[in-house]
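Engineer: Compute the structure for the input listed below.
(chains A, B and C)
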Amino acid sequence: MPLIQDIFFLSQGILSTLSISFISFILGFSLGVPVAITKQLSRKASTILEVYDNIMRGIPVLVIMLFLHFGLAAFIPIFRDPFISTIIALGLRSCAFQSQIFRGAMNSVSRDQMLAAVSLGMTKMQIFRHIIIPQAFIVALPGLGSEIALLIKDSSYSFVLGVLDLAKYADILRAAQKSFYPYLLAAAIYVAITLPIASYLDRLGSALKTKYGLR
Amino acid sequence: MSVLECVDLKKSYGRLQVLKGINFEIKRGEKKVIIGPSGSGKSTFLRIMGFLEPPTEGRIFFKGEDVYASRLNLNLIRSKIGFVFQEPSLFRHLTCLENVKIGLKCVLKMRDKEATEKAIEALKAVKMEEWADYYPAQLSGGQQQRVGIARALARDPEILLFDEPTASLDVELTWEVIDVMRDLARRGVTMLIVTHEIAFAKEVADEILFMNSGRIIESGPPEQILTNPRTPRVKEFLKRLVGGT
Amino acid sequence: MLLDYIDFIVQSFVTTLIMTFLGLSGGLVLGILSALGDVYGNRFIRIIIGAYVEFFRGSPLIVQLLLFYFSFPVLTGIKWDSFTAGAVTLMLNSGAYQKGYFKGAIEAVSKDQLLAARSLGMTSGQILRHIVLPQAFRIVIPSWTNEYVSLGLSTSALTVIGLRELTTISKSIAAQTFEPLEVYSLTGLIYLTWISISIKILNYIYSRVKIPGLEISVGAVPS
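Structural biologist: The predicted structure follows:
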């Protein structure tokens, strides 16, 4: 059946799409969490990081990708690889988004708990490590879910750089078959990937919040 | 002249029967107070009498007419009944004056000038006319509640229904509201009140009804109910409430 | 050198602004209607709205653009250009996101106010018009600001259907001048300035019309 064949063809791109999304998510996570914590601890660092955030959120991610892949590539050879450029660009932007998510999550931890921790004699670092961060993770889950969904969708920008991801394979198929159905199929596949992930993390977050009585 | 009456009123939510057959009547100028433990169905009863919820069984009469059987326009009837909730429930985006006016303009289709006059009058009755241009968020709970009363009062309703109006207020704010209610009672407004404020009930009520588990188990003039109740359940409730008076 | 291209840059930026405006307005109408349909409609309506929203929120804009650009001429026999295709797709896409924001804002109006309005004898229509919508429109502003930014930046995706907006033009200029760093930096600066000013304006508007006592955190991450 031609439909099955088409799906097989497109699935070659799914691996790229997923790797781009998840690697950038991890990049954003490993940078975003420390950034969020640093913002809470240091006023000065906070203002500098705010500037970074605003830049990442005020420029299209495609422009950042183009800047890296065509601009910086001359000086830093690693950006000659469009795959890397995409990941770095998405990861840097995700860092900004995720630091925002975590900041909100950390602030939602009720003040009385922190007061209690201080009265017990805990240091700021200890309070962060044992009280705030664990709870912040749970509260942040729904936000992280939508961030992953966003990354999976925005990984399609790599299409412009020529990366062979799901969107590009759909394009190739369209050119070969001279029909638009591959795009519909690809869209359906994207939906089939993003919705369950976002929904799962959303429900997981709610369930854990209820279990621990947060918020 | 009968304002509100119900015959064999029953209400169930799914399998839970909250009201188990209530017969009740209130005439013009009367002030009746309903007391009883929580969960007895008092609020549900009041909401049904205020036509905010339909009964499962039974008939309700407004000014002698069977409302549901005659399929009267509910919104029209609601506009003739003033309801004061436990939470002030003022419209957050409107000033006090606008809050009182909106019922007049929207439902009674009054003109702006007339509505403003009536609204200010109502605010004066609850002593809130100075706060006319303030937003609910800028007022205390007691002040909001008084504006809520003004909003219900402004349309010269046939009857005012109060659902534990002071339950969510602390002691001092409660007194502001009780004062206003006492004033209204003195002016002859027909009132049906659900409350825990026994002292107020004693002062103002023509009749006190005790509701328990969806039924009215005793009713009578305040002196009788409060000092010499016939039913042991009522005795027990009052003892706990008033602290052995 | 770069300055020779000022004309193209300005022109393409105007195109970006126009597409943003069209997408947001169309999306506004679709979003409000969908939100109302979802809150007050029957099951059938809600299923349709659900499918619409899931499709446009679950798939990338790039794929949607390509899909509509190529499918419309085939399905209807009418040819259309990248401008129209882009605008329509942006409207549909934005509508799906705005539905979520408006629904949230409508549901944020506390239920006790609805009960109070009923007790006054107001009809459902009056309650919607005088109580729910006035508050919902103010509550939605912070989230709507997010959508504005998101849509404005995503106009760069229009490059795949060949629309000459800012990002597309900057690609051409970079290729012609062999100065990608400068070109893309300038492009980034233009976007950044536009977005920053827009956010400031929207925040100012919000601060002027917001309901006293109702504080929503601005800059919330959309979900």
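
Engineer: Could I get the CA-only coordinates of the helix or strand bottoming out on mean pLDDT in chain B as CSV?
Structural biologist: Every helix and strand in chain B was compared by mean pLDDT, DSSP states H and E; the lowest is helix B:232-242, with a mean of 75. Output of helix B:232-242 as CSV, limited to C-alpha atoms (Å, rounded to 0.1, in the frame of the first residue of the first chain):
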residue,chain,number,x,y,z
PRO,B,232,-34.2,17.6,71.3
ARG,B,233,-32.1,18.0,68.1
VAL,B,234,-32.8,21.7,68.2
LYS,B,235,-32.0,21.9,71.8
GLU,B,236,-28.6,20.2,71.2
PHE,B,237,-27.8,22.5,68.3
LEU,B,238,-28.6,25.7,70.2
LYS,B,239,-26.6,24.5,73.2
ARG,B,240,-23.5,24.0,71.2
LEU,B,241,-24.0,27.2,69.2
VAL,B,242,-24.7,29.6,72.0
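
Engineer: what about the helices in chain A?
Structural biologist: Taking DSSP state H as the criterion, chain A contains helices spanning A:2-41, A:43-58, A:61-66, A:82-107, A:111-119, A:124-127, A:133-154, A:158-161, A:166-177, A:181-212.

Engineer: want to throw these into JSON lines with mean pLDDT and mean neighbour count?
Structural biologist: Quick note: C-beta positions are derived from backbone N, CA and C, even for glycine. As requested, these are exported to JSON lines (pLDDT from 0 to 100; neighbours: other CB atoms under 10 Å in any protein chain shown):
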{"stretch": "helix A:2-41", "mean pLDDT": "90", "mean neighbour count": "18"}
{"stretch": "helix A:43-58", "mean pLDDT": "91", "mean neighbour count": "14"}
{"stretch": "helix A:61-66", "mean pLDDT": "95", "mean neighbour count": "25"}
{"stretch": "helix A:82-107", "mean pLDDT": "94", "mean neighbour count": "23"}
{"stretch": "helix A:111-119", "mean pLDDT": "76", "mean neighbour count": "12"}
{"stretch": "helix A:124-127", "mean pLDDT": "78", "mean neighbour count": "13"}
{"stretch": "helix A:133-154", "mean pLDDT": "91", "mean neighbour count": "22"}
{"stretch": "helix A:158-161", "mean pLDDT": "92", "mean neighbour count": "24"}
{"stretch": "helix A:166-177", "mean pLDDT": "91", "mean neighbour count": "20"}
{"stretch": "helix A:181-212", "mean pLDDT": "90", "mean neighbour count": "18"}
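
Engineer: Now the least confident helix or strand of chain B: buried residues?
Structural biologist: For helix B:232-242, the neighbour count (16 or more other CB atoms under 10 Å in any protein chain shown) marks B:234, B:237, B:238 as buried.

Engineer: now stretch B:115-134
Structural biologist: B:115-116, B:118-120, B:122-123, B:125-126, B:128-129, B:131-132, B:134.

Engineer: Show me which of the residues you listed is closest to residue C:119.
Structural biologist: residue B:122 (15.3 Å; CB to CB).

Engineer: Tabulate the helices of chain A (a markdown table), appending distance to chain B.
Structural biologist: Formatted as a markdown table, the helices of chain A follow (distance: least, CB to the nearest CB, whole Å):
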| stretch | distance to chain B |
| --- | --- |
| helix A:2-41 | 30 |
| helix A:43-58 | 30 |
| helix A:61-66 | 37 |
| helix A:82-107 | 22 |
| helix A:111-119 | 22 |
| helix A:124-127 | 33 |
| helix A:133-154 | 27 |
| helix A:158-161 | 45 |
| helix A:166-177 | 44 |
| helix A:181-212 | 24 |
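
Engineer: Do a quick rundown of the helices in chain B.
Structural biologist: B:42-49, B:74-78, B:96-106, B:112-125, B:141-153, B:171-186, B:198-204, B:222-227, B:232-242.

Engineer: can I get the ones you listed in CSV with distance to residue C:83?
Structural biologist: Converted to CSV, the helices of chain B look like this (distance: least, CB to CB, whole Å):
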stretch, distance to residue C:83
helix B:42-49, 56
helix B:74-78, 49
helix B:96-106, 45
helix B:112-125, 47
helix B:141-153, 52
helix B:171-186, 62
helix B:198-204, 71
helix B:222-227, 79
helix B:232-242, 74
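
Engineer: Would you tell me which of the ones you listed gets closest to chain A?
Structural biologist: helix B:141-153 (23.2 Å; CB to the nearest CB).

Engineer: model confidence over that closest one, on average?
Structural biologist: In this model, helix B:141-153 has a mean pLDDT of 90.

Engineer: show me the contacts for residue 63.
Structural biologist: You didn't say which chain, so I picked chain A. By CB atoms under 8 Å, 6 or more residues apart in numbering or on different chains, the residues touching residue A:63 are C:156, C:167, C:170, C:184, C:187, C:188, C:191.

Engineer: wait, chain C
Structural biologist: A:156, A:167, A:170, A:183, A:186, A:187, A:190.

Engineer: how about the residues of chain C that lie near chain B?
Structural biologist: Residues of chain C lying close to chain B by CB under 8 Å from any CB of the partner chain are C:110, C:112-113, C:115-123, C:126, C:130-131, C:134-135, C:138, C:211-214.

Engineer: restrict the contacts of residue C:63 to those near chain C?
Structural biologist: Contacts with chain C are made by A:156, A:167, A:170, A:183, A:186, A:187, A:190 out of the contacts of residue C:63, judged by CB under 8 Å from any CB.
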